[in-house]
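Peer 1: turn this into a model:
(one chain, ligands or ions: 1)
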Amino acid sequence: MKLNAEELKKDFPILKRKIYDHEIVYLDNAASSQKPQVVIDAIADYYSNHNANVHRGLHTLSEEATELYENARKTVADFIGAVPQEVIFTKGATESLNRVAINWALHNLGKDDIILTTDFEHHSNLIPWQEKARIVGAKLEFVEADEKGEVSAKQFKDKFEEFGTRIKLAAVTHASNVLGTILPVKEICKIAKEYGAKVSVDGAQAIPHLNVNVQSLGCDFYSFSGHKMLGPMGIGVLWIKRDLLEGLEPYEFGGGMIDEVSFDAATWAAAPEKFEAGTPNVEGALGLATAIEYLEKIGMDNIREHEIELNMVLLNELQKIKEVRILGPLDPTKRTGLVSFALDGLHAHDIAAVLSGLGIAVRSGHHCAMPYHVKKGFSATTRASYYLYNTQEDIEALIAGIKEAIKTFS
Ligand SMILES: Cc1ncc(COP(=O)(O)O)c(C=O)c1O
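Peer 2: Numbers count the residues shown, from 1 in each chain. Predicted structure coming up:
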């Protein structure tokens, strides 16, 4: 069923705000999405009625908080086709990716081993690998986006054919936060398996927009944040394939993650507790679970269809403006709901400032993908990113704003 973005807007209290007397047009969803009232209410209800520390008390509030927390884990697991034991709550995609680097890479990579990635990754899926590679003497190898801003499974295959089993890990984004490009992750996983390599997927820009099933993707680790998918900030997920859970060392040590402790040593609880030392972010987890239930009610396929329609409108309109250079695929079905672009003779910050004056929120800068921007000769680009509550009118307002910016600065 086609979604009604105008109706959905009403579920998001912040979208009723006016900015400089303009209706807010929020097009910065790739940075963080807005929150529906149900998510805000779920968090308020938790603190109003159920708050206590989890896993530790036998009293009613602690039991209720534990149940809410563990039910949230089950909701997340069902959403991505996993089992609850494989779902580790973190504070966001950045922490999840760092955990793979620390818990797995540091223990499993050695001198001259290779981590295969792309040249347009978010810094959170680049720097953790750079740092661990430096410590163990491993190297990074990059698959480069072509002129359309796409990468093919064949490019990954070529790298595996060249470097063989020296590639121990493919660390790739599922969808690019700069190009919008959706990567052929399933095929990449298949190729990596043939060479015995593990695959860590950065799903931060994919999971809010696509139907994701970690089993059918065939990856080993999948990381994402709650705040880009209508959930609160400070909560994220690291999914770890079940076979790997036992062999992985904890990352932090303390309360809640032990089996037995003596003055000399300790043994660990089973996953997921083993990876969640200390008091967890209970309200974050249940806020995320509520966001997932909201998304499921609308339907991920409907959200995808809506975003492809918005892609179509925006890409068409942008191509009519001669000063515009679009990053990423021109095929609206090959990207998630975001478009980054540069305007000849106009700095991205100036465009964003003009748009902000009109109540339109976009992002300008290098979007945490500085190496790609530098390589392509862009000091900065402007990124419009939308979600289920954005309408065609929002895109039209953006186009009118871009034209106004061009007029203002020419
Ligand atoms: C592709 C990608 N990976 C990772 C991250 C990091 O997410 P967070 O800041 O929520 O940890 C982002 C955030 O923009 C992203 O777009």
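Peer 1: every contact and neighbour count from this point should use C-alpha atoms.
Peer 2: Noted.
Peer 1: now residue 208, nearest residue through space, not along the chain?
Peer 2: The shortest distance from residue 208 to any non-neighbouring residue, by Cα to Cα, 6 or more residues apart in numbering, is to residue 229 (4.6 Å).
Peer 1: so the one you found sits right up against residue 207, yeah?
Peer 2: Yes - with contact defined as Cα atoms under 8 Å, residue 229 counts as touching residue 207 (7.4 Å).
Peer 1: can you give me the neighbour number for the residue nearest to residue 208?
Peer 2: Applying other Cα atoms under 10 Å, we find 25 residues neighbouring residue 229.
Peer 1: spit out the contact partners of residue 164.
Peer 2: residue 195 (Cα atoms under 8 Å, 6 or more residues apart in numbering).
Peer 1: confirm that it sits in a helix.
Peer 2: Yes - the assignment for residue 164 is a helix, going by DSSP: H, G, I helix; E, B strand; the rest coil.
Peer 1: what's the spacing between it and residue 261?
Peer 2: 43 Å (Cα to Cα, to the nearest Å).
Peer 1: repeat that for residue 372.
Peer 2: 48 Å.
Peer 1: which one of those two is surrounded by more residues?
Peer 2: residue 372 (19 against 10).
Peer 1: and the closest residue to that one other than its chain neighbours, helix, strand or coil?
Peer 2: Counting by Cα to Cα, 6+ apart, residue 120 is the residue found nearest to residue 372 once chain neighbours are left out, at 5.2 Å. Assigned by three-state DSSP, the conformation of residue 120 is coil.
Peer 1: verify the contact between residue 120 and residue 145 for me.
Peer 2: Yes - contact status for residue 120 versus residue 145: in contact at 7.4 Å, counting by Cα under 8 Å.
Peer 1: of those two, who's got more company?
Peer 2: residue 120 (26 against 18).
Peer 1: which stretches in the stretch 251-400 of the chain count as helices?
Peer 2: Here the stretch 251-400 of the chain has its helices, by DSSP state H, counting those that start in this stretch, at 282-298, 300-319, 348-357, 370-376, 392-409.
Peer 1: how about the ones you listed in TSV, adding mean pLDDT and distance to residue 153?
Peer 2: Output for the helices of the stretch 251-400 of the chain, formatted as TSV (pLDDT from 0 to 100; distance: least, Cα to Cα, whole Å):
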stretch	mean pLDDT	distance to residue 153
helix 282-298	98	30
helix 300-319	98	23
helix 348-357	94	32
helix 370-376	90	20
helix 392-409	95	32
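Peer 1: most neighbours per residue, which of the ones you listed?
Peer 2: Mean neighbour count (mean count of other Cα atoms under 10 Å) peaks for helix 282-298 among the helices of the stretch 251-400 of the chain, with a mean of 23.
Peer 1: what packs against that one?
Peer 2: helix 37-45, helix 60-80 (3 or more Cα pairs under 8 Å, 6 or more residues apart in numbering; DSSP states H and E).
Peer 1: can I get those in CSV with mean pLDDT and distance to residue 404?
Peer 2: Listed next are these as CSV, based on pLDDT from 0 to 100; distance: least, Cα to Cα, whole Å:
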stretch, mean pLDDT, distance to residue 404
helix 37-45, 98, 34
helix 60-80, 97, 42
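Peer 1: could I get the ones you listed as JSON lines with mean neighbour count?
Peer 2: Shown next, in JSON lines, are the helices and strands packed on helix 282-298 (neighbours: other Cα atoms under 10 Å):
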{"stretch": "helix 37-45", "mean neighbour count": "17"}
{"stretch": "helix 60-80", "mean neighbour count": "19"}
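Peer 1: and those: which comes nearest residue 409?
Peer 2: Residue 409 lies closest to helix 37-45 among the helices and strands packed on helix 282-298, at 39.5 Å (Cα to Cα).
Peer 1: could you tell me the angle between the closest one and helix 282-298?
Peer 2: Helix 37-45 and helix 282-298 are oriented at 150 degrees to each other (axes from the mean of the first three to the mean of the last three Cα atoms, to 10 degrees).
Peer 1: can you list the domains in the protein?
Peer 2: The record's domain split for the chain, according to automatic domain parsing, is 5-31+299-409, 41-296.
Peer 1: the last one: end-to-end distance?
Peer 2: So that's domain 41-296. End to end - Cα to Cα - domain 41-296 spans 18 Å.
Peer 1: does the ligand sit close to that domain?
Peer 2: Yes - interface with the ligand: domain 41-296 contributes 92, 93, 94, 122, 124, 176, 177, 202, 204, 205, 225 (Cα under 6 Å from any ligand atom).
Peer 1: by neighbour count, which of those wins?
Peer 2: residue 225 (31 neighbours).
Peer 1: surely that one touches residue 92?
Peer 2: Yes - counting by Cα under 8 Å, residue 225 touches residue 92, with 4.4 Å between them.
Peer 1: overlap in contacts of the two?
Peer 2: 233, 235, 236, 237.
Peer 1: all helices of the stretch 101-250 of the chain, in order?
Peer 2: 106-108, 127-136, 153-163, 185-194, 214-217, 242-245.
Peer 1: now those as a markdown table including mean neighbour count, mean pLDDT and distance to residue 286?
Peer 2: Converted to a markdown table, the helices of the stretch 101-250 of the chain look like this (neighbours: other Cα atoms under 10 Å; pLDDT from 0 to 100; distance: least, Cα to Cα, whole Å):
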| stretch | mean neighbour count | mean pLDDT | distance to residue 286 |
| --- | --- | --- | --- |
| helix 106-108 | 15 | 94 | 32 |
| helix 127-136 | 18 | 96 | 28 |
| helix 153-163 | 16 | 98 | 37 |
| helix 185-194 | 19 | 98 | 29 |
| helix 214-217 | 16 | 98 | 21 |
| helix 242-245 | 14 | 96 | 23 |
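Peer 1: now those in TSV, with distance to residue 18?
Peer 2: Shown next, in TSV, are the helices of the stretch 101-250 of the chain (distance: least, Cα to Cα, whole Å):
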stretch	distance to residue 18
helix 106-108	49
helix 127-136	38
helix 153-163	45
helix 185-194	40
helix 214-217	40
helix 242-245	47
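Peer 1: how about these, which one is nearest residue 405?
Peer 2: Of all those, helix 127-136 comes closest under Cα to Cα, at 34.8 Å.
Peer 1: contact partners of that closest one?
Peer 2: 97-98, 101-102, 105-106, 109-111, 115, 138-140.
Peer 1: again, 6 Å this time
Peer 2: Helix 127-136 is contacted from outside by 98, 110, 111, 139, using Cα atoms under 6 Å, 6 or more residues apart in numbering.
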